[in-house]
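Trainee: Pasted the sequence and its predicted model underneath.
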Protein chains: 2
Amino acid sequence: MPYFDAASAAPLHPVGRQALLAALEEGWADPARLYREGRRARLLLDAAREAAAEAVECRPDELVFTPSGTRAVHAGIEGALAGRRRVGRHLIVSAVEHSSVLHSAEAHEALGGSVTEVGVDRTGAVAPDAFAGSLRPDTALACLQSANHEVGTVQPVAEVAEACRAAGVPLLVDAAQSLGWGPVAGDWSLLTASAHKWGGPSGVGLLVVRKGVRFAPRGPLDERESGRAAGFENIPAVVAAAASLRAVRAEAAGEAARLRELTERIRTRVPALVPDVEVTGDPERRLPGIVTFSCLYVDGETVLHELDGAGFSVSSGSSCTSSTLTPSHVLRAMGVLSEGNVRVSLPPGTPAEDVERFLAVLPGVVAGVREKLGAPVTAGGLRGADRGAGESGAPTGDALVVDALGRRCPVPVIELARVIDDVPVGGTVRVLADDEAARLDIPAWCEMRGQEYVGEESADRGSAYVVRRTS
Amino acid sequence: MPYFDAASAAPLHPVGRQALLAALEEGWADPARLYREGRRARLLLDAAREAAAEAVECRPDELVFTPSGTRAVHAGIEGALAGRRRVGRHLIVSAVEHSSVLHSAEAHEALGGSVTEVGVDRTGAVAPDAFAGSLRPDTALACLQSANHEVGTVQPVAEVAEACRAAGVPLLVDAAQSLGWGPVAGDWSLLTASAHKWGGPSGVGLLVVRKGVRFAPRGPLDERESGRAAGFENIPAVVAAAASLRAVRAEAAGEAARLRELTERIRTRVPALVPDVEVTGDPERRLPGIVTFSCLYVDGETVLHELDGAGFSVSSGSSCTSSTLTPSHVLRAMGVLSEGNVRVSLPPGTPAEDVERFLAVLPGVVAGVREKLGAPVTAGGLRGADRGAGESGAPTGDALVVDALGRRCPVPVIELARVIDDVPVGGTVRVLADDEAARLDIPAWCEMRGQEYVGEESADRGSAYVVRRTS
């Protein structure tokens, strides 16, 4: 049963499991105590810190263990902002950061700070110049992920770090997706990561603060982990995390090459096997194991459900698979299609056969969902016979109007595709919709179909999205 | 090798270990995902929450898992204070709470809140009337531990909860030391606990917020655990925590009776075996496994070291065994002797032979340390022959002065004991000392020796502690 969601969480690496079992026996006591059980626990903690620091390429005393990657991000951002409060309260983040970073930015804004969100191109990458251009004299901190968690695009961290260093602004790098593959290059100031992403156990994050970076921990005083991560140390998990990191690093070069080839198969063959698909993310500067694509005219939830039934566990940034009713902020920032979005993230060790089987199953799954939704069957085509009379477009004045109010993704786009052939070339169609995803997916559809997206108009309810037929 | 520091941390219960191993296979995935690994993880998390809620006697939707007991306390206090910010910013804590509570109170004060610390009697218990008397119209929250972590005294939670309820003030109970023994009685509003204290793994705390209690989580938004505990859920550890709790509860009644008898042996026999000892904590209303005593004329660090060498792992609230150079705030609030402090906290399953062996070893250990320090050998006595000439008291005016400046605990008290026989009955002696512990230990010595503690006078350096010989 192939599990293809390693970017969410990976099962514990066998080496980590062994380390955890050993450390449960030896590392349960309070490392602050002077008796033998405490001394043993302290030795294990120190050794784990040294191993993790070696993998990060930092000093052991620059690294603390936190209870999760999220806590590392929260504590890192709060502490760095507080440490440079005198300089100012401006924070820079990329628009495609992990939610823990963006929610930290929101919390900072709620407390009166200011935030600049640096946009990305259609591949999901920030432009170093644009990032550098957002640096201000009152910038306290800048944050950039090492690589994106949804589309796998690797960010230009070294260039951005150089620009930040020149401006005297510390750069925090969220390395959650990449640390298992290698250290983060560049002259960054803070770094965060999460063990369960690299095959370590749940319950362990890393926060690295380079010597010389001003840092003022927030919250009630706690002497553990240099005052940067409150609470009793979880030594068995920390030991397992460090052991797993060392183990995945030992296998990283070979495994990266192998997974890169497998994800390349998906990148190239899915658009050939499935019509009306957009593969997202940078084709070259990307993580080895992540590939993401979106399929027109399907809803992500049904696709995920069908794939799960076929034995494949994947993730999605479609709005209809999340509780928020909005598409993934990453896809939105990239301006790419969100409907029918599928993220495949291969864990190390994934056999090629599993990927081949996925490629064999996927076309039928997508076709089945499209069939059920009455979606167009050929690229750009339209099945006039299937069109429900009550749902068809009706001319009002010189423009056709499609009423998709109250209908969820992907219905507004399907309805648009159903009527486009009724629009004279050069004429326009208005799609009325109140599903958030339409704002992203109608322009994305136009881009994919070669039609012109004119713009959005406010309407009594929802919005009207105006499309001009160009061919 | 007997480990007698269960109040700090206990090794993982065998049932918890089994549960952890099973949940590492089944519970590593993201419980928010809809695929089978996610659904399995969700089922485990839900089952663990139900089991924990049953043990706490609350509803499952009132309980969230946090990364530690400390985080539960920090988040619980912050959230409850923020939820009642309109009522006021007054916080009540007992003087003998865990440091995580007291540090939260300090953080609240630093942000402009006000804090009342309710004192305790010599047994370490708060008086319900005094606690109730500190309630004010602007009191946002009150905090009282279920039982003290250093001396084992059980607090009158039910009475205090009733008073708080009558005043409309929520009571947060830190149940870290008692939850393994049973649910906390009384009409409390919030409760916190820590799994590694009851034989669960590190990395798991509990935060319970009763329905109807106003609560506003602090920090960046995070949807996990009802928004009250940020970060990826540590399901294997949570499952192990719940399984351990159920297991220790099944054994609790029998084990409590057995440990109570063993700690009673220590309570009664240590003062008979070792001269000049003060046993602290309530003799009746106390936890089954904790007993604490302080030995005059010894330093805690050496006693712990010698006991460790003899195979016994115990803890101490003496200043010389901590990094802060101040005695435990619990002993200070109780007004009892801190020097030579030893806390014995027996894990469930401790065999009676281990306790007997401890009782056989302890007198020699204490005598050996006293010998090295040149301390008086008989109760109240004084070995004049050992007295160093330069350290003896010198009369100044009508009073003897002992200069113990720069000398660490227990030297000031030893010096006082050395000279007391040179003081005429009715006369006074001044002890000059700059070790913080003297402020607690000189009055405590007077109490134990039946001498009169006159008071503290400021001096050029440190303080002068004035003692009148009464017999």
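Mentor: It's in.
Trainee: Dig out what the residue of the stretch 301-450 of chain A found nearest chain B forms beta bridges with.
Mentor: Residue nearest to chain B within the stretch 301-450 of chain A: A:Ser313 (3.7 Å; Cβ to the nearest Cβ). For the C-beta atoms, the positions are set from N, CA and C on the backbone; glycine is no exception. Here A:Ser313 sits in beta bridges with A:Tyr3, going by DSSP bridges.
Trainee: Contact partners for it?
Mentor: The contact partners of A:Ser313, by Cβ atoms under 8 Å, 6 or more residues apart in numbering or on different chains, come to A:Met1, A:Pro2, A:Tyr3, A:Phe4, A:Asp5, A:Leu307, B:Ala29, B:Arg33, B:Tyr35, B:Arg36, B:Glu37, B:Gly38.
Trainee: From the residues you listed, keep the buried residues only.
Mentor: A:Pro2, A:Tyr3, A:Phe4, A:Asp5, A:Leu307, B:Ala29, B:Arg33, B:Tyr35, B:Glu37, B:Gly38 (16 or more other Cβ atoms under 10 Å in any protein chain shown).
Trainee: Against A:Gly231, how distant is the residue lying closest to A:Arg49 once chain neighbours are set aside?
Mentor: Nearest residue to A:Arg49, sequence neighbours excluded (Cβ to Cβ, 6 or more residues apart in numbering or on different chains): A:Pro60, at 4.8 Å. For A:Pro60, the distance to A:Gly231 (Cβ to Cβ, to the nearest Å) stands at 20 Å.
Trainee: So for those two, which sits in the more crowded spot?
Mentor: With neighbours defined as other Cβ atoms under 10 Å in any protein chain shown, A:Pro60 and A:Gly231 compare such that A:Gly231 has more, 25 against 16.
Trainee: Secondary structure added to the contacts of A:Ser313, as JSON lines?
Mentor: Formatted as JSON lines, those follow (DSSP: H, G, I helix; E, B strand; the rest coil):
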{"residue": "A:Met1", "secondary structure": "coil"}
{"residue": "A:Pro2", "secondary structure": "coil"}
{"residue": "A:Tyr3", "secondary structure": "strand"}
{"residue": "A:Phe4", "secondary structure": "coil"}
{"residue": "A:Asp5", "secondary structure": "strand"}
{"residue": "A:Leu307", "secondary structure": "helix"}
{"residue": "B:Ala29", "secondary structure": "coil"}
{"residue": "B:Arg33", "secondary structure": "coil"}
{"residue": "B:Tyr35", "secondary structure": "coil"}
{"residue": "B:Arg36", "secondary structure": "helix"}
{"residue": "B:Glu37", "secondary structure": "helix"}
{"residue": "B:Gly38", "secondary structure": "helix"}
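Trainee: thinking again about what came up before, do I have it right that the residue nearest to A:Arg49 meets A:Glu50?
Mentor: Yes - here A:Pro60 lies in contact with A:Glu50, judged by Cβ atoms under 8 Å, at a distance of 5.0 Å.
Trainee: Show me the longest helix that occurs in chain A.
Mentor: helix A:235-273 (DSSP state H).
Trainee: hang on, A:Ala230 is in a strand, isn't it?
Mentor: No - using three-state DSSP, the secondary structure at A:Ala230 is coil, not a strand.
Trainee: tell me the phi and psi of the residue nearest to it when sequence neighbours are not counted?
Mentor: Ranked by Cβ to Cβ, 6+ apart and with sequence neighbours excluded, the top spatial neighbour of A:Ala230 is A:Asp222, at 3.6 Å. Note on A:Asp222: its backbone torsions stand at phi -160, psi 130 [degrees, to the nearest 10].
Trainee: Same question for A:Leu172.
Mentor: phi -100, psi 130.
Trainee: Mind pulling up the pLDDT for it?
Mentor: Listed pLDDT for A:Leu172 reads 98.
Trainee: try A:Asp460
Mentor: Model confidence at A:Asp460, given as pLDDT, is 89.
Trainee: List the buried residues of whatever helix or strand A:Arg357 lives in.
Mentor: Using DSSP states H and E, A:Arg357 falls within helix A:352-373. Buried residues in helix A:352-373, counted by 16+ other Cβ under 10 Å: A:354-355, A:358-359, A:361-363, A:365-367, A:369-370, A:373.
Trainee: Redo those residues as a markdown table? Include pLDDT.
Mentor: A markdown table is the format used below for the buried residues of helix A:352-373 (pLDDT from 0 to 100):
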| residue | pLDDT |
| --- | --- |
| A:Asp354 | 98 |
| A:Val355 | 98 |
| A:Phe358 | 98 |
| A:Leu359 | 98 |
| A:Val361 | 97 |
| A:Leu362 | 98 |
| A:Pro363 | 97 |
| A:Val365 | 97 |
| A:Val366 | 96 |
| A:Ala367 | 96 |
| A:Val369 | 94 |
| A:Arg370 | 94 |
| A:Leu373 | 89 |
